[in-house]
Structure formats: structure tokens, C-alpha cells
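In: From the sequence below, what's the structure:
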Amino acid sequence: MPHENLFEPLTMGAFKARNRVLMAPLTRGRATQPGYVPNEMMKTYYTQRSGAGLIISEATGISREGLGWPAAPGIWSDEQVEGWKPVTQSVHDAGGLIILQLWHMGRVVHPDFLDGDAPVSASATTAPGHAHTPTGRQDHQQARELSVAEIARVVSDYAHAAENAKKAGFDGVQLHGANGYLVDQFLRRSTNLRTDEYGGSAENRARFLDEVLTALVGVWGADRVALRLSPNGETQGCDDPDPATTFGVAASIAQKHELAFLELREPGPNGTFGSTDVPKQSPMIRSTFNGPLVLNSDYTPQEASSDIADGKCDAVAFGRPFISNPDLVERIRAGAPLAENVNAPQSWYLPGAEGYIDYPTMAEETSVSA
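Out: Have a look, this model is predicted:
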């Protein structure tokens, strides 16, 4: 069997993953509008991929304020909770595990999603580039700085979303602390210009992360809460001159909470958020965080197996390969070639089933050939 160690079970807190091929969060933009409501097509999509050791859902908005991606799902309303229930039930019926990634985009939300109001962030900064809106690409607009009272309200929004995730039948939650979104905007110096208790030192800049994790652990227990960080280089204009210090503190907070696992996005030269020459931070973080470590971005099965064998991580979260290979685990197990993405990246975010739930499994390909 090729890459045999990828198929060993792994315990991560309360999660008993049957293999070490995890499904990374993938924004696909298929929720029903209005309302950002999960639907039957999403149920099919996740069920098709339930062979993963653990599914980390696509980034899901904790509030209307925090969601600025067309047709991405939310978890703040009763209607959204009801929409997610068939998804989680179907994954469980197929023998899978699925956790919900909690998302607040911060300054990356365009005012068009907020009835013209400014987005919020750690400080009054503007993301570079443009936002994807229902009416097309538009330049990002300056965010307004959250007051201390508003920060407490956002923390409560995370707790409410976590409670809704439990009602919806998820196995746990992951805090999206990566890729230049709100938690990352607080962590890094380029986007956190505050002079109060949430700014300045790395410890102060990580205070928001700590408070959100405290809220999530209060709802779920630490063994069902995970964290995602992206400690390398600039993402969406969010950067830091001393990532080792900044993310060393973030890792120590994850350790303090004894989280189920920590996932790091360390992009290669052709990663979604651009290439980076910044040294990988995972060795430093692995020495700080003693729990299971999951790495992600641009991995081949061979590279994943090698890094697990070398002790660099305990599992690997695959993203793009899961788009066109719903049976990715079985393809790797069989040593079969992986299907390529068709019309990517055009099909990643477009509405409809094409490029979403129409990729065949190996068995279906064999049946058609026969």
C-alpha cells in the first residue's frame, strides 16, 4: 500500500480520525440566497468526501457583519442551522466526521454586504486589491476600528455561532485565525495599530484570539475545538515583521487551551495567497504546541507521507485535490492517479453542480469505461 502511514488512525482530542488525510476548508460559494443557507447540493458534496479522516467545513460566517463572500454559508440564523443539519447527518451516516470552521472576515468584507456600512477590524486599515461582491469585483474600503465594547460583542458572536454549530450536529469547531481575516488582523502588526490592551506587544495582539478560544472552549470543551493559523508571509495585506514571536505567542495560547489540534497553512510557491520566502514556522510552533499538528497547502500524497514519517506533523489537510477527487483517500490508498480540476479556478466559486458534485469516483470511472 503506498504511503501507508496516511491510513493510520489518529486521535485529536475527542476526534477519532480513521486516517490522516483530512479535508481542508474550501470556500465554494454554493449556499442558497438570500440567507446564506446550506442546501441539498452541499449535503451531496460533503457526503461524497466523507472518507476523509476529518472534514473541516468551508469557512462559515459567524454573523452578517463577518461574511463578505457571495453565497458562502452562515451559522448565525435558525434557518442556517436547519440547513446544516442534513449535511452533518449525511456525513455521519457515511461514517465521517465534520467540524465547522468559524469565520469573520473583518476588513475584507465589502460595504455592499453591510448595507453600505464600513467593515470592522482591529484598526482603521484597508485591505489591498478587490472584494468579490454580488455585483462584481470592487475595491476594498477602509475598515473602522472595533471599540473594546464591540470586541466583547464579536466574541459573543463567536460563542453564539459555536452554539449553533452544536445544534446543527457538527462534531466540533475550528477557529479561522488565518489568511488575513479578523483574528489574523488582530495578530499581525501591519493591521493592528492599536495602543490599548489589544495592541502593541505580541501578547496584547493575541488577546482577541485568546478570548475567542476561551468562548469556544466554553461551548464545546477544548477537545472539540481546533485553530487554523497562517504564520508565513503576507496574506491579503496582513503581515508581520517578526512572525516567530507573533505566532509563537499564538501557539502558546493554543497550548494553554489544550486544543484538539492546530492546523497551519504554509503555502508553497504557487499557493492561493501567493508565494512566500519566509522560513516555515512549523518547527518552532511544534516545539510550543504539544498537541496534534496538521499541515496544509500544496501537498502531494508522497510529501504528506514523508512529513508525517519525519515527525513534522501528525496529519495533512488536503484542499484542491479534494475538489476533483471526492474519493481522494481511496485513490491515494490504491496508488491511482488523481483527477485534475476541470475549468479551475472558474468552477471553484460558480453556482451550480458543475465542477462541484459532478466529479466521478474511481468506481464510477470504471463503470463508464466498461
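
In: so where's this protein uncertain?
Out: Counting by pLDDT under 70, the chain shows low-confidence ranges at 268-278, 367-370.

In: As a check, name the ranges of all helices in it.
Out: 40-48, 78-93, 148-167, 182-187, 202-205, 207-220, 243-257, 282-288, 301-309, 320-324, 328-334, 346-349, 362-369 (DSSP state H).

In: what's the closest of these to residue 3?
Out: If you check each of these against residue 3 by C-beta to C-beta, helix 301-309 wins as the nearest, at 3.8 Å. C-beta coordinates here come from the backbone N, C-alpha and C atoms, glycine included.

In: could you dump the helices of the chain to TSV with mean neighbour count and distance to residue 237?
Out: Converted to TSV, the helices of the chain look like this (neighbours: other C-beta atoms under 10 Å; distance: least, C-beta to C-beta, whole Å):
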stretch	mean neighbour count	distance to residue 237
helix 40-48	20	30
helix 78-93	19	29
helix 148-167	18	20
helix 182-187	28	9
helix 202-205	18	16
helix 207-220	20	18
helix 243-257	20	15
helix 282-288	16	23
helix 301-309	17	29
helix 320-324	21	23
helix 328-334	20	32
helix 346-349	16	21
helix 362-369	11	41
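
In: And those helices: which comes nearest residue 34?
Out: Here helix 78-93 is closest among the helices of the chain (C-beta to C-beta), at 9.9 Å.

In: for that closest one, packing partners?
Out: With contacts taken as 3 or more C-beta pairs under 8 Å, 6 or more residues apart in numbering; DSSP states H and E, helix 78-93 sits against helix 40-48, strand 98-103, helix 148-167.

In: Show me the contact partners of the last one.
Out: For helix 148-167, the external contacting residues (C-beta atoms under 8 Å, 6 or more residues apart in numbering) are 60, 62-63, 65-66, 75-76, 80-81, 84, 100, 102, 104, 120, 146, 172-173, 175, 182, 196-198, 208, 211-212, 215-216, 218-220.

In: OK, contacts around residue 37?
Out: Going by C-beta under 8 Å, 6+ apart, residue 37 touches 31, 73, 74, 77, 79, 80, 83.

In: What separation is there between residue 202 and residue 189?
Out: Remark: distance between residue 202 and residue 189 (C-beta to C-beta, to the nearest Å) = 9 Å.

In: what sits in contact with each of these two?
Out: Contact with both residue 202 and residue 189 is made by residues 242, 246, according to C-beta under 8 Å, 6+ apart.

In: can you list the helices and strands packed on helix 78-93 in TSV and add distance to residue 16?
Out: Below are those laid out as TSV (distance: least, C-beta to C-beta, whole Å):
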stretch	distance to residue 16
helix 40-48	19
strand 98-103	13
helix 148-167	18
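
In: Minimum distance to residue 233: which of the ones you listed has it?
Out: Among these, the nearest to residue 233 by C-beta to C-beta is strand 98-103 (20.7 Å).

In: Please tell me I have it right and residue 60 contacts residue 72.
Out: Yes. Contact criterion C-beta atoms under 8 Å: residue 60 and residue 72 qualify, at 7.2 Å.

In: neighbour-wise, which of those two wins?
Out: Higher neighbour count among residue 60 and residue 72: residue 60, with 31 against 21, using other C-beta atoms under 10 Å.

In: Distance across stretch 121-130, terminal residue to terminal residue?
Out: Stretch 121-130 has an end-to-end distance of 17 Å (criterion: C-alpha to C-alpha, to the nearest Å).

In: Counting neighbours, what do you get for residue 335?
Out: Neighbourhood size, residue 335 [other C-beta under 10 Å]: 10.

In: Next one: it from residue 9, what distance?
Out: 21 Å.

In: now swap in residue 56 and tell me
Out: Counting by C-beta to C-beta, the gap from residue 56 to residue 9 is 18 Å.

In: So for those two, which sits in the more crowded spot?
Out: Counting neighbours by other C-beta under 10 Å for residue 56 and for residue 9 shows that residue 56 has the greater number, 28 against 10.

In: Who are the contact partners of the closest residue to the more buried one other than its chain neighbours?
Out: Nearest residue to residue 56, sequence neighbours excluded (C-beta to C-beta, 6 or more residues apart in numbering): residue 25, at 4.7 Å. By C-beta under 8 Å, 6+ apart, the contact list for residue 25 reads 56, 57, 58, 59, 101, 174, 176, 228, 319.

In: In this structure residue 125 contacts residue 143, no?
Out: Yes. Judged on C-beta under 8 Å, residue 125 makes contact with residue 143 at a distance of 6.1 Å.

In: what's the residue nearest to residue 33 when sequence neighbours are not counted in contact with, if anything?
Out: Spatial nearest neighbour of residue 33, excluding adjacent residues (C-beta to C-beta, 6+ apart): residue 71 at 5.7 Å. The contact partners of residue 71, by C-beta under 8 Å, 6+ apart, come to 29, 30, 31, 32, 33, 36, 351.
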